[in-house]
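**Q** Got a predicted model here, sequence first, then my questions.
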Amino acid sequence: MPDPTESPTLEARKKRDQRSLAIALGLASFMLVVFLVTILKITGNIGGAP
């Protein structure tokens, strides 16, 4: 088990940063899709159709 007080190697930091970026982009994409679907549903109901 690695020592938690050790600083990560450059390679480990690079992999962690790439993984964090991928997660952030995935989350942002999901939020954008939810936002767009919500807007489309709201604008579709403006006509007051029952």
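**A** Arrived safely, thanks for sending.
**Q** low pLDDT regions in this protein?
**A** Filtered on pLDDT under 70, the chain yields the residue ranges 1-5, 47-50.
**Q** now do 80
**A** Counting by pLDDT under 80, the chain shows low-confidence ranges at 1-8, 45-50.
**Q** how about the strands in it?
**A** In the chain, no segments count as strands under DSSP state E.
**Q** in it, which spans are helices?
**A** Applying DSSP state H to the chain gives helices spanning 10-44.
**Q** residue nearest the centroid of it?
**A** residue 27 (1.3 Å; C-alpha atoms, centre = their mean).
**Q** Please report the distance of it from residue 34.
**A** Taken as C-beta to C-beta, to the nearest Å, the spacing of residue 27 relative to residue 34 amounts to 11 Å. Yep, even glycine has a C-beta here, placed from its N, CA and C like the rest.
**Q** same deal with residue 41?
**A** Distance of residue 41 to residue 34, computed by C-beta to C-beta: 11 Å.
**Q** Can you report how many residues neighbour residue 20?
**A** Neighbour count for residue 20, taken as other C-beta atoms under 10 Å: 10.
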